[in-house]
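Undergrad: model this:
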Amino acid sequence: MADMPRTNHEPDVSVIIGAYEAMPYLIRCLESVEAQTIGAGRLEIVAVDDGSTDGTGEYLEEFAARTAIPTRVVRQANSGGPSGPRNLGLKLARGRYVFFLDADDYFGEEALERMVAMGDRAGTDVVLGKIVGVNRGAAKSMWKETVERADLYTSNIKFTLSAQKLFRRDLLVRLGMAFDEKLKTGEDALFTMEAYLRGNGVSVVADYTCYYLVGREDRNQMTKKGGYQRRFDSARALMGLIADLAPAGPRRDSLMVRPFVITLLPQFGPGLVKQSDAVRRKKMALAAPLMDAHWTPELGRRLKVHERLRLTALAAGRLDLLLDIASFLRDKKEPEVIRRGDRILLAYPHYDEAAKGSVLPEHAYEVAVTEWVGGRRIEPPQRKPHVSFARRVVRKARRTVLSALRAPRAHRV
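TA: This next block holds a predicted model:
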């Protein structure tokens, strides 16, 4: 959808900052907004202090009084999470685009100029700018190249669902989108995936570092807080959204990899071994309806063997098998690589029984994506395309007809 011409009262970007106990990180955050090469006249800042007690609110007000960027500061009682401040900021925003900037983090100087140019050129509703971690890790697989329109189903953009993106505000307003304030973790993944699925395309700016994701020394970050219940709530919400917006089939399966592997599976990793039996069984009970509703063997073919095995055991309700695999991973053991005809299998726990047709199915041990074992790269075999029986019959009939047509015809008498 084309934008209306920009007026003097409409900034290109509204930078929305939800801040809670953000000092001293907020100082560099705001400096990075002022340093944007897009220029102060094309920006506005909407900052919401979410009940801070460390001087965050006072610093925001001081900044607003002296900066050339139009800045609105709202101070409110603590809401308990990032969704409330972001939603309020979105309601107050006037820009063609909005960017949700965390108060701990900061921009590269050309970030907004490059991302706005990309969104305008490509006509897309979401623009991803390259993110790097500072004192913490950050996803890397989606920054291999700059693309005007990324394919959601075949690319890795589904593995970056944080809110730190440039969103076309018209999309958000038109769809009535907002962050789910009931979710205490994963609310940004839900919001971003909906924008990916319902918007007019996603662009990627990978040739410039747009965003610096900062690991706080005091570790006072929402992503590090909360118990396992919140992770299941997040997985349930994201799986439900994907099921609602993507028809069943390969494309849905490609998106479901994200909540299964990133949100659900870590709850059944090596740490499961040292947890109490009560916690383990509670986790199994929470996972059961998710597995029943959304797990498919076709989805499993998109995963590494140890991921597929754990989820297959989880779907079968077999805590005993899960614990055996989790112990194997905890002890950093390496599975034996077994080549059988045109298949490669990894002998994780219970492989011997599976090979005899019991316990977990043997195909669950089969390499279907790139694996690393003992420092060696293991690639899945390249299989010949499957030709159905019906197609073979048609081909044979076609050859028969062609042969008959080419045969010399008898002269009429």
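Undergrad: which residues touch the host helix or strand of residue 112?
TA: Assessed by DSSP states H and E, residue 112 sits inside helix 111-122. If you take Cβ atoms under 8 Å, 6 or more residues apart in numbering as the criterion, helix 111-122 is touched by 3, 12-13, 15, 36-38, 42-43, 97, 99, 124-125, 127, 129, 146, 148-149, 166, 168, 201, 203, 205, 208, 210-211. Yep, even glycine has a C-beta here, placed from its N, CA and C like the rest.
Undergrad: and it, what's buried?
TA: 111, 112, 113, 114, 115, 116, 118, 119, 122 (16 or more other Cβ atoms under 10 Å).
Undergrad: using CSV, list the CA coordinates for that helix.
TA: Below are the C-alpha coordinates for helix 111-122, written out as CSV (Å, rounded to 0.1, in the frame of the first residue of the first chain):
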residue,chain,number,x,y,z
ALA,A,111,20.5,2.7,11.0
LEU,A,112,17.2,4.5,10.5
GLU,A,113,18.3,6.2,7.3
ARG,A,114,19.1,2.9,5.7
MET,A,115,16.1,1.1,7.0
VAL,A,116,13.6,3.8,6.0
ALA,A,117,15.2,3.9,2.5
MET,A,118,14.8,0.2,2.2
GLY,A,119,11.2,0.2,3.3
ASP,A,120,10.3,3.0,0.9
ARG,A,121,12.2,1.4,-2.0
ALA,A,122,10.8,-2.1,-1.5
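Undergrad: what number of residues lie near residue 125?
TA: Neighbourhood size, residue 125 [other Cβ atoms under 10 Å]: 25.
Undergrad: so what's residue 127 scoring on pLDDT?
TA: Residue 127 is assigned 98 on the pLDDT scale.
Undergrad: confirm for me that it is in contact with residue 165.
TA: Yes. At 6.7 Å, residue 127 counts as touching residue 165 under the criterion of Cβ atoms under 8 Å.
Undergrad: show the pLDDT at the residue nearest the centre of the chain.
TA: Geometric centre of the chain, nearest residue: residue 159, 2.9 Å, by Cα atoms, centre = their mean. With respect to pLDDT, residue 159 scores 96.
Undergrad: ok, it - contacts?
TA: Counting by Cβ under 8 Å, 6+ apart, residue 159 touches 139, 141, 142, 258, 262.
Undergrad: now the buried members of those residues.
TA: Buried members of these, counted by 16+ other Cβ under 10 Å: 139, 142, 258, 262.
Undergrad: okay if I get those residues as a markdown table plus distance to residue 23 and secondary structure?
TA: Converted to a markdown table, these look like this (distance: Cβ to Cβ, whole Å; DSSP: H, G, I helix; E, B strand; the rest coil):
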| residue | distance to residue 23 | secondary structure |
| --- | --- | --- |
| 139 | 27 | coil |
| 142 | 32 | coil |
| 258 | 34 | helix |
| 262 | 31 | helix |
